[in-house]
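K.L.:
could you look at this predicted model? Sequence included:
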Amino acid sequence: MQTQTSPEPFSVIGANGDIAGHRVILSDEKLIQCYRTMLTVRAFDDVCMKLQRSGRIGFSVPNKGVEACQVGAASALRKSDFFFPSYRDFGMALYHGVEPVEMMHNMFGNSLDAARGRQMPVHFSFTDPIKYFSISSPIGTHLPQAVGAAYAHMLRGEDNVCITSFGDGGTSSLGFHSALNFAGVWKAPVIFLCQNNGWAISCPSSEQTASDGFAIKGAAYGVPGVTVDGNDVLAMNQAVSEAADRARRGEGPTLIEAVTYRMGGHSTSDDPSKYVPKETLDEWAQKDPVKRFREFLTVRGLWTAELESEWTTAAYDSVNTGAKTAEATEGPRLETVFSDVYAELPAHLRAQGAAAFDLAKRKGDAAAGDGAFPL
Ligand SMILES: Cc1ncc(C[n+]2csc(CCOP(=O)(O)OP(=O)(O)O)c2C)c(N)n1
Ligand SMILES: [Mg+2]
(Lines give C-alpha, C1' and ligand atoms only; values in the text may rest on other atoms or scores of the structure.)
(Ligands and ions follow the chains in the order given, each with its own letter.)
Protein backbone atom coordinates (compact mmCIF):
# COMPACT_ATOMS: atom_id res chain seq x y z
CA MET A 1 0.00 0.00 0.00
CA GLN A 2 1.36 3.44 -0.85
CA THR A 3 1.69 6.01 1.88
CA GLN A 4 1.46 8.96 -0.49
CA THR A 5 -1.49 10.30 -2.39
CA SER A 6 -1.83 7.99 -5.35
CA PRO A 7 -4.00 8.49 -8.41
CA GLU A 8 -5.02 4.81 -8.19
CA PRO A 9 -6.71 4.09 -4.86
CA PHE A 10 -5.36 1.07 -2.97
CA SER A 11 -7.64 -1.92 -3.48
CA VAL A 12 -7.61 -5.61 -2.61
CA ILE A 13 -10.67 -7.16 -4.27
CA GLY A 14 -10.26 -7.20 -8.02
CA ALA A 15 -12.47 -8.25 -10.88
CA ASN A 16 -14.66 -11.30 -10.21
CA GLY A 17 -13.84 -11.36 -6.49
CA ASP A 18 -10.19 -12.24 -7.03
CA ILE A 19 -7.62 -10.82 -4.55
CA ALA A 20 -4.48 -11.62 -6.55
CA GLY A 21 -1.47 -11.64 -4.18
CA HIS A 22 -3.12 -9.77 -1.30
CA ARG A 23 -3.52 -11.33 2.12
CA VAL A 24 -6.76 -11.27 4.08
CA ILE A 25 -6.36 -10.26 7.72
CA LEU A 26 -9.94 -10.98 8.78
CA SER A 27 -11.12 -14.43 9.88
CA ASP A 28 -13.92 -16.10 7.92
CA GLU A 29 -16.26 -15.33 10.81
CA LYS A 30 -15.42 -11.61 10.62
CA LEU A 31 -15.77 -11.61 6.82
CA ILE A 32 -19.29 -12.94 7.22
CA GLN A 33 -19.98 -10.40 9.97
CA CYS A 34 -18.93 -7.65 7.53
CA TYR A 35 -21.22 -8.92 4.79
CA ARG A 36 -24.21 -9.41 7.08
CA THR A 37 -23.69 -5.91 8.46
CA MET A 38 -23.68 -4.52 4.92
CA LEU A 39 -26.99 -6.25 4.23
CA THR A 40 -28.39 -4.77 7.45
CA VAL A 41 -27.21 -1.28 6.46
CA ARG A 42 -29.00 -1.68 3.15
CA ALA A 43 -32.18 -2.89 4.85
CA PHE A 44 -32.03 -0.10 7.44
CA ASP A 45 -31.53 2.48 4.70
CA ASP A 46 -34.36 1.12 2.58
CA VAL A 47 -36.82 0.91 5.49
CA CYS A 48 -35.95 4.43 6.71
CA MET A 49 -36.55 5.86 3.23
CA LYS A 50 -39.99 4.20 3.18
CA LEU A 51 -40.80 5.35 6.73
CA GLN A 52 -39.96 8.91 5.73
CA ARG A 53 -41.90 8.78 2.46
CA SER A 54 -44.94 7.48 4.31
CA GLY A 55 -44.71 10.28 6.88
CA ARG A 56 -43.78 8.11 9.87
CA ILE A 57 -40.35 9.66 10.47
CA GLY A 58 -39.18 13.13 9.53
CA PHE A 59 -35.80 12.58 7.91
CA SER A 60 -33.12 10.12 6.83
CA VAL A 61 -29.88 10.03 4.84
CA PRO A 62 -29.26 7.44 2.14
CA ASN A 63 -26.35 5.05 2.85
CA LYS A 64 -26.54 3.08 -0.39
CA GLY A 65 -23.12 2.71 -2.01
CA VAL A 66 -20.98 3.65 0.99
CA GLU A 67 -21.41 0.47 3.07
CA ALA A 68 -17.88 -0.84 2.46
CA CYS A 69 -16.26 2.35 3.83
CA GLN A 70 -18.14 2.17 7.10
CA VAL A 71 -18.03 -1.57 7.66
CA GLY A 72 -14.44 -2.07 6.45
CA ALA A 73 -13.27 0.72 8.76
CA ALA A 74 -15.29 -0.51 11.77
CA SER A 75 -14.01 -4.06 11.31
CA ALA A 76 -10.44 -2.82 11.86
CA LEU A 77 -11.22 -1.29 15.25
CA ARG A 78 -11.85 -2.54 18.76
CA LYS A 79 -14.98 -2.00 20.82
CA SER A 80 -12.91 0.07 23.26
CA ASP A 81 -11.92 2.55 20.52
CA PHE A 82 -13.89 5.79 20.24
CA PHE A 83 -16.05 6.62 17.20
CA PHE A 84 -16.79 10.18 16.10
CA PRO A 85 -18.84 9.38 13.01
CA SER A 86 -20.75 11.28 10.38
CA TYR A 87 -24.52 11.05 9.96
CA ARG A 88 -23.98 8.64 7.02
CA ASP A 89 -22.30 5.86 9.01
CA PHE A 90 -25.00 3.34 9.90
CA GLY A 91 -22.59 0.43 9.38
CA MET A 92 -20.08 1.54 12.01
CA ALA A 93 -22.61 1.12 14.79
CA LEU A 94 -24.27 -1.99 13.36
CA TYR A 95 -20.94 -3.80 12.86
CA HIS A 96 -20.13 -3.52 16.54
CA GLY A 97 -23.46 -4.84 17.73
CA VAL A 98 -25.74 -1.83 18.08
CA GLU A 99 -29.20 -3.27 17.43
CA PRO A 100 -31.38 -1.74 14.68
CA VAL A 101 -34.07 -1.04 17.30
CA GLU A 102 -31.65 1.25 19.19
CA MET A 103 -31.07 3.22 16.00
CA MET A 104 -34.80 3.29 15.32
CA HIS A 105 -35.43 4.90 18.73
CA ASN A 106 -33.41 7.84 17.41
CA MET A 107 -35.14 7.79 14.01
CA PHE A 108 -38.49 8.19 15.82
CA GLY A 109 -37.07 10.57 18.47
CA ASN A 110 -38.87 8.67 21.22
CA SER A 111 -38.32 8.41 24.97
CA LEU A 112 -35.79 5.59 24.56
CA ASP A 113 -33.63 7.59 22.16
CA ALA A 114 -30.32 8.33 23.93
CA ALA A 115 -30.89 12.04 23.21
CA ARG A 116 -34.58 11.85 24.27
CA GLY A 117 -35.69 13.23 20.92
CA ARG A 118 -33.50 16.33 21.16
CA GLN A 119 -31.37 15.33 18.17
CA MET A 120 -32.39 14.94 14.54
CA PRO A 121 -32.95 11.45 13.09
CA VAL A 122 -29.65 9.79 12.00
CA HIS A 123 -27.93 11.65 14.86
CA PHE A 124 -27.22 8.53 16.89
CA SER A 125 -25.22 8.22 20.08
CA PHE A 126 -24.36 5.10 22.05
CA THR A 127 -22.19 4.28 25.02
CA ASP A 128 -22.70 0.53 24.81
CA PRO A 129 -21.49 -1.72 23.14
CA ILE A 130 -19.26 0.98 21.62
CA LYS A 131 -18.41 4.57 22.38
CA TYR A 132 -20.27 6.20 19.51
CA PHE A 133 -20.30 9.95 20.02
CA SER A 134 -23.37 11.99 19.22
CA ILE A 135 -23.40 13.22 15.63
CA SER A 136 -22.55 16.90 15.24
CA SER A 137 -24.82 18.58 12.69
CA PRO A 138 -22.42 21.47 11.95
CA ILE A 139 -20.05 19.94 9.42
CA GLY A 140 -16.50 19.26 10.65
CA THR A 141 -17.02 20.18 14.29
CA HIS A 142 -16.57 16.59 15.47
CA LEU A 143 -13.00 16.34 14.17
CA PRO A 144 -11.42 18.45 16.94
CA GLN A 145 -13.55 16.48 19.44
CA ALA A 146 -11.94 13.26 18.18
CA VAL A 147 -8.46 14.76 18.45
CA GLY A 148 -9.10 15.91 22.02
CA ALA A 149 -10.39 12.49 23.04
CA ALA A 150 -7.44 10.79 21.34
CA TYR A 151 -5.00 13.07 23.12
CA ALA A 152 -6.70 12.25 26.43
CA HIS A 153 -6.23 8.52 25.75
CA MET A 154 -2.55 9.23 25.13
CA LEU A 155 -2.12 11.22 28.35
CA ARG A 156 -3.79 8.45 30.33
CA GLY A 157 -1.53 5.83 28.78
CA GLU A 158 -4.48 3.93 27.23
CA ASP A 159 -4.00 2.33 23.84
CA ASN A 160 -7.44 3.25 22.46
CA VAL A 161 -7.61 5.12 19.19
CA CYS A 162 -10.28 7.49 17.89
CA ILE A 163 -11.71 7.43 14.40
CA THR A 164 -13.54 10.36 12.94
CA SER A 165 -15.44 10.05 9.70
CA PHE A 166 -16.50 12.95 7.48
CA GLY A 167 -17.13 13.75 3.86
CA ASP A 168 -15.32 15.45 1.00
CA GLY A 169 -17.32 18.57 1.90
CA GLY A 170 -16.11 18.30 5.49
CA THR A 171 -12.53 19.03 4.36
CA SER A 172 -13.58 22.64 3.66
CA SER A 173 -14.52 23.18 7.31
CA LEU A 174 -12.36 24.94 9.86
CA GLY A 175 -12.64 21.88 12.08
CA PHE A 176 -10.82 19.74 9.52
CA HIS A 177 -7.77 22.03 9.41
CA SER A 178 -7.50 22.73 13.13
CA ALA A 179 -7.99 19.03 13.94
CA LEU A 180 -5.28 17.90 11.52
CA ASN A 181 -2.92 20.54 12.80
CA PHE A 182 -3.38 19.66 16.48
CA ALA A 183 -3.27 15.93 15.81
CA GLY A 184 -0.08 16.27 13.76
CA VAL A 185 1.68 18.37 16.42
CA TRP A 186 0.51 16.27 19.38
CA LYS A 187 0.81 12.91 17.57
CA ALA A 188 -2.70 12.14 18.75
CA PRO A 189 -3.83 8.54 18.11
CA VAL A 190 -6.59 9.46 15.70
CA ILE A 191 -7.68 8.24 12.28
CA PHE A 192 -9.23 10.78 9.93
CA LEU A 193 -11.52 8.98 7.50
CA CYS A 194 -12.58 11.22 4.64
CA GLN A 195 -15.31 9.49 2.65
CA ASN A 196 -15.07 11.09 -0.75
CA ASN A 197 -18.49 10.06 -2.02
CA GLY A 198 -18.53 12.45 -4.98
CA TRP A 199 -20.88 15.03 -3.52
CA ALA A 200 -21.46 17.51 -0.72
CA ILE A 201 -25.21 17.86 -1.21
CA SER A 202 -25.14 19.08 -4.87
CA CYS A 203 -21.52 20.32 -4.93
CA PRO A 204 -19.31 17.80 -6.78
CA SER A 205 -15.98 16.76 -5.23
CA SER A 206 -14.23 18.31 -8.23
CA GLU A 207 -15.47 21.74 -7.08
CA GLN A 208 -14.76 21.14 -3.41
CA THR A 209 -10.98 21.49 -3.74
CA ALA A 210 -8.32 22.56 -6.19
CA SER A 211 -5.83 20.06 -4.76
CA ASP A 212 -5.05 16.65 -6.19
CA GLY A 213 -7.56 14.69 -4.12
CA PHE A 214 -8.08 14.87 -0.37
CA ALA A 215 -5.39 12.57 1.07
CA ILE A 216 -2.67 15.01 0.01
CA LYS A 217 -4.05 17.58 2.44
CA GLY A 218 -2.43 15.69 5.32
CA ALA A 219 1.07 16.54 4.04
CA ALA A 220 0.86 20.18 5.11
CA TYR A 221 0.16 19.02 8.67
CA GLY A 222 2.78 16.28 8.81
CA VAL A 223 0.05 13.65 8.66
CA PRO A 224 0.50 10.78 6.18
CA GLY A 225 -2.33 10.46 3.68
CA VAL A 226 -3.48 7.35 1.83
CA THR A 227 -6.05 6.95 -0.91
CA VAL A 228 -8.15 3.80 -0.68
CA ASP A 229 -10.86 2.18 -2.75
CA GLY A 230 -13.85 2.90 -0.55
CA ASN A 231 -16.00 0.27 -2.28
CA ASP A 232 -13.62 -2.48 -1.18
CA VAL A 233 -14.23 -3.73 2.38
CA LEU A 234 -10.87 -5.48 2.56
CA ALA A 235 -8.89 -2.46 1.37
CA MET A 236 -10.70 -0.32 3.94
CA ASN A 237 -10.04 -2.86 6.67
CA GLN A 238 -6.35 -2.98 5.82
CA ALA A 239 -5.89 0.80 5.58
CA VAL A 240 -7.67 1.44 8.89
CA SER A 241 -5.81 -1.46 10.58
CA GLU A 242 -2.49 0.05 9.53
CA ALA A 243 -3.56 3.52 10.68
CA ALA A 244 -4.75 2.11 14.03
CA ASP A 245 -1.47 0.21 14.52
CA ARG A 246 0.51 3.39 13.82
CA ALA A 247 -1.63 5.33 16.27
CA ARG A 248 -1.30 2.66 18.99
CA ARG A 249 2.49 2.65 18.50
CA GLY A 250 2.50 6.38 19.30
CA GLU A 251 3.31 7.43 15.74
CA GLY A 252 0.30 9.72 15.41
CA PRO A 253 -2.59 10.31 13.05
CA THR A 254 -3.30 9.15 9.49
CA LEU A 255 -5.61 10.71 6.92
CA ILE A 256 -7.44 8.15 4.79
CA GLU A 257 -9.33 9.23 1.70
CA ALA A 258 -11.87 6.54 0.80
CA VAL A 259 -13.04 6.96 -2.78
CA THR A 260 -16.65 5.88 -3.07
CA TYR A 261 -20.00 7.08 -4.38
CA ARG A 262 -23.26 8.21 -2.83
CA MET A 263 -25.84 6.15 -4.74
CA GLY A 264 -28.83 8.01 -3.31
CA GLY A 265 -29.66 11.62 -2.64
CA HIS A 266 -28.02 13.71 0.05
CA SER A 267 -31.02 13.24 2.31
CA THR A 268 -34.75 12.60 2.09
CA SER A 269 -35.11 16.35 1.36
CA ASP A 270 -33.04 16.11 -1.82
CA ASP A 271 -33.75 15.20 -5.45
CA PRO A 272 -30.42 14.01 -6.92
CA SER A 273 -31.92 13.47 -10.38
CA LYS A 274 -31.68 17.27 -10.76
CA TYR A 275 -27.87 17.23 -10.72
CA VAL A 276 -26.33 13.69 -10.74
CA PRO A 277 -25.52 12.58 -14.30
CA LYS A 278 -27.24 9.27 -15.01
CA GLU A 279 -24.15 7.84 -16.76
CA THR A 280 -22.01 8.44 -13.65
CA LEU A 281 -24.59 6.75 -11.47
CA ASP A 282 -24.73 3.77 -13.84
CA GLU A 283 -20.93 3.57 -13.84
CA TRP A 284 -20.81 3.42 -10.03
CA ALA A 285 -23.68 0.94 -9.88
CA GLN A 286 -21.28 -1.48 -11.60
CA LYS A 287 -18.91 -1.01 -8.65
CA ASP A 288 -21.57 -1.73 -6.01
CA PRO A 289 -19.64 -2.57 -2.81
CA VAL A 290 -22.12 -5.22 -1.65
CA LYS A 291 -21.98 -7.06 -4.98
CA ARG A 292 -18.20 -6.76 -5.03
CA PHE A 293 -17.80 -8.28 -1.56
CA ARG A 294 -20.32 -11.00 -2.40
CA GLU A 295 -18.16 -12.00 -5.37
CA PHE A 296 -15.14 -12.28 -3.09
CA LEU A 297 -17.08 -14.41 -0.57
CA THR A 298 -18.27 -16.66 -3.40
CA VAL A 299 -14.71 -17.29 -4.56
CA ARG A 300 -13.79 -18.07 -0.93
CA GLY A 301 -16.67 -20.52 -0.61
CA LEU A 302 -18.39 -18.54 2.17
CA TRP A 303 -21.52 -17.50 0.32
CA THR A 304 -24.49 -19.23 -1.32
CA ALA A 305 -27.79 -18.00 -2.78
CA GLU A 306 -29.59 -19.72 0.13
CA LEU A 307 -27.50 -17.82 2.67
CA GLU A 308 -28.18 -14.57 0.82
CA SER A 309 -31.90 -15.12 1.09
CA GLU A 310 -31.68 -16.18 4.77
CA TRP A 311 -29.45 -13.25 5.78
CA THR A 312 -31.47 -10.68 3.83
CA THR A 313 -34.70 -11.87 5.46
CA ALA A 314 -33.03 -11.74 8.90
CA ALA A 315 -31.74 -8.21 8.21
CA TYR A 316 -35.19 -6.92 7.16
CA ASP A 317 -36.86 -8.70 10.09
CA SER A 318 -34.59 -7.05 12.65
CA VAL A 319 -35.01 -3.62 11.04
CA ASN A 320 -38.80 -3.88 10.60
CA THR A 321 -39.31 -5.20 14.13
CA GLY A 322 -37.07 -2.42 15.41
CA ALA A 323 -39.12 0.19 13.55
CA LYS A 324 -42.41 -1.18 14.92
CA THR A 325 -41.08 -1.22 18.48
CA ALA A 326 -39.68 2.30 18.20
CA GLU A 327 -42.88 3.65 16.66
CA ALA A 328 -44.95 2.13 19.48
CA THR A 329 -42.65 3.61 22.16
CA GLU A 330 -44.01 6.78 23.74
CA GLY A 331 -42.47 10.14 22.92
CA PRO A 332 -40.28 12.00 25.38
CA ARG A 333 -42.31 13.65 28.14
CA LEU A 334 -42.08 17.42 28.42
CA GLU A 335 -40.61 16.97 31.92
CA THR A 336 -37.47 15.44 30.35
CA VAL A 337 -36.34 18.70 28.71
CA PHE A 338 -33.70 19.15 31.39
CA SER A 339 -32.83 15.46 31.84
CA ASP A 340 -29.14 14.55 31.48
CA VAL A 341 -28.22 18.23 31.14
CA TYR A 342 -27.32 19.19 34.73
CA ALA A 343 -26.04 17.06 37.61
CA GLU A 344 -28.22 19.30 39.76
CA LEU A 345 -30.87 21.46 38.12
CA PRO A 346 -30.34 25.17 38.96
CA ALA A 347 -33.18 26.70 41.00
CA HIS A 348 -34.22 29.23 38.33
CA LEU A 349 -34.62 26.49 35.72
CA ARG A 350 -36.55 24.34 38.17
CA ALA A 351 -38.93 27.26 38.70
CA GLN A 352 -39.27 27.95 34.95
CA GLY A 353 -39.78 24.25 34.29
CA ALA A 354 -42.47 23.96 36.96
CA ALA A 355 -44.37 26.90 35.43
CA ALA A 356 -44.07 25.47 31.91
CA PHE A 357 -45.08 21.95 32.94
CA ASP A 358 -48.06 23.33 34.86
CA LEU A 359 -49.17 25.37 31.84
CA ALA A 360 -48.74 22.36 29.54
CA LYS A 361 -50.84 20.26 31.91
CA ARG A 362 -53.64 22.80 31.88
CA LYS A 363 -53.51 23.48 28.14
CA GLY A 364 -52.68 19.94 26.94
CA ASP A 365 -49.14 18.55 26.94
CA ALA A 366 -47.57 20.19 23.87
CA ALA A 367 -50.44 18.82 21.79
CA ALA A 368 -50.97 20.38 18.37
CA GLY A 369 -53.58 23.05 18.91
CA ASP A 370 -55.63 25.17 16.56
CA GLY A 371 -52.66 27.34 15.69
CA ALA A 372 -53.17 29.81 18.53
CA PHE A 373 -50.02 30.50 20.53
CA PRO A 374 -50.68 28.81 23.89
CA LEU A 375 -49.34 31.70 25.99
C1 LIG B 1 -21.06 24.22 9.02
C2 LIG B 1 -22.13 23.65 8.15
N3 LIG B 1 -22.33 24.16 6.90
C4 LIG B 1 -23.28 23.64 6.10
C5 LIG B 1 -24.07 22.62 6.54
C6 LIG B 1 -25.15 22.04 5.64
N7 LIG B 1 -24.72 20.72 5.18
C8 LIG B 1 -25.19 19.59 5.73
S9 LIG B 1 -24.54 18.21 5.04
C10 LIG B 1 -23.63 19.13 3.96
C11 LIG B 1 -22.75 18.46 2.94
C12 LIG B 1 -21.62 17.70 3.51
O13 LIG B 1 -21.00 16.98 2.50
P14 LIG B 1 -19.88 15.93 2.80
O15 LIG B 1 -18.99 16.43 3.88
O16 LIG B 1 -19.24 15.56 1.53
O17 LIG B 1 -20.66 14.69 3.44
P18 LIG B 1 -21.74 13.75 2.73
O19 LIG B 1 -23.10 14.36 2.98
O20 LIG B 1 -21.42 13.66 1.30
O21 LIG B 1 -21.64 12.43 3.42
C22 LIG B 1 -23.84 20.50 4.14
C23 LIG B 1 -23.21 21.54 3.34
C24 LIG B 1 -23.85 22.13 7.85
N25 LIG B 1 -24.57 21.12 8.35
N26 LIG B 1 -22.88 22.65 8.62
MG1 LIG C 1 -19.62 13.91 0.28
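P.N.:
Cool, got the structure. Ligands and ions are numbered 1, 2, ... in the order given.

K.L.:
any idea which helix or strand carries residue 51?
P.N.:
Taking DSSP states H and E as the criterion, the element that holds residue 51 is helix 28-53.

K.L.:
mind listing what residue 191 touches?
P.N.:
73, 161-164, 240, 243-244, 247, 253-254, 256 (C-beta atoms under 8 Å, 6 or more residues apart in numbering). All C-beta atoms are positioned from the backbone trio N, CA, C, and that covers glycine.

K.L.:
from the chain's centroid, how far away is the helix or strand containing it?
P.N.:
Element membership for residue 191, per DSSP H and E: strand 190-196. Here strand 190-196 shows a centroid-to-chain-centroid distance of 11 Å under the convention C-alpha atoms, centre = their mean, to the nearest Å.

K.L.:
now stretch 29-37
P.N.:
Worked out by C-alpha atoms, centre = their mean, stretch 29-37 lies 17 Å from the chain centre.

K.L.:
can you list contacts of it?
P.N.:
Against stretch 29-37 from outside (C-beta under 8 Å, 6+ apart): 24, 26, 67, 71-72, 74-75, 91, 94-95, 233, 237, 290, 293-294, 297, 300, 302-303, 311, 314-315.

K.L.:
next one: residue 3, what pLDDT does it get?
P.N.:
For residue 3, the pLDDT comes out at 46.

K.L.:
who touches residue 298 in this structure?
P.N.:
residue 17.

K.L.:
rerun that using 10 Å as the cut-off
P.N.:
The contact partners of residue 298, by C-beta atoms under 10 Å, 6 or more residues apart in numbering, come to 16-17, 304-305, 308.

K.L.:
quick check: closest non-adjacent residue to the residue of the stretch 151-300 of the chain found nearest ligand 1.
P.N.:
In the stretch 151-300 of the chain, the residue that lies nearest ligand 1 is residue 167 (2.2 Å; C-beta to the nearest ligand atom). Among residues not flanking residue 167 along the chain, residue 195 sits closest, at 5.6 Å (C-beta to C-beta, 6 or more residues apart in numbering).

K.L.:
burial count for that neighbour?
P.N.:
The tally of other residues near residue 195 (other C-beta atoms under 10 Å) stands at 26.

K.L.:
and what of residue 203?
P.N.:
By the measure other C-beta under 10 Å, the count of residues near residue 203 is 14.

K.L.:
do you know how far the most centrally placed residue in the chain is from residue 127?
P.N.:
By C-alpha atoms, centre = their mean, the chain has its centre lying nearest to residue 89, at 1.7 Å. Using C-beta to C-beta, to the nearest Å, we find residue 89 at a distance of 17 Å from residue 127.

K.L.:
check residue 73 too.
P.N.:
Distance of residue 73 to residue 127, computed by C-beta to C-beta: 20 Å.

K.L.:
what helices or strands is the helix or strand following the helix holding residue 51 leaning on?
P.N.:
Following helix 28-53 in sequence order, the next helix or strand is helix 67-74 (DSSP H and E). Helix 67-74 sits against helix 28-53, helix 90-95, strand 162-167, strand 190-196, strand 225-229, helix 233-248, strand 254-259, helix 289-299, with contacts defined as 3 or more C-beta pairs under 10 Å, 6 or more residues apart in numbering; DSSP states H and E.
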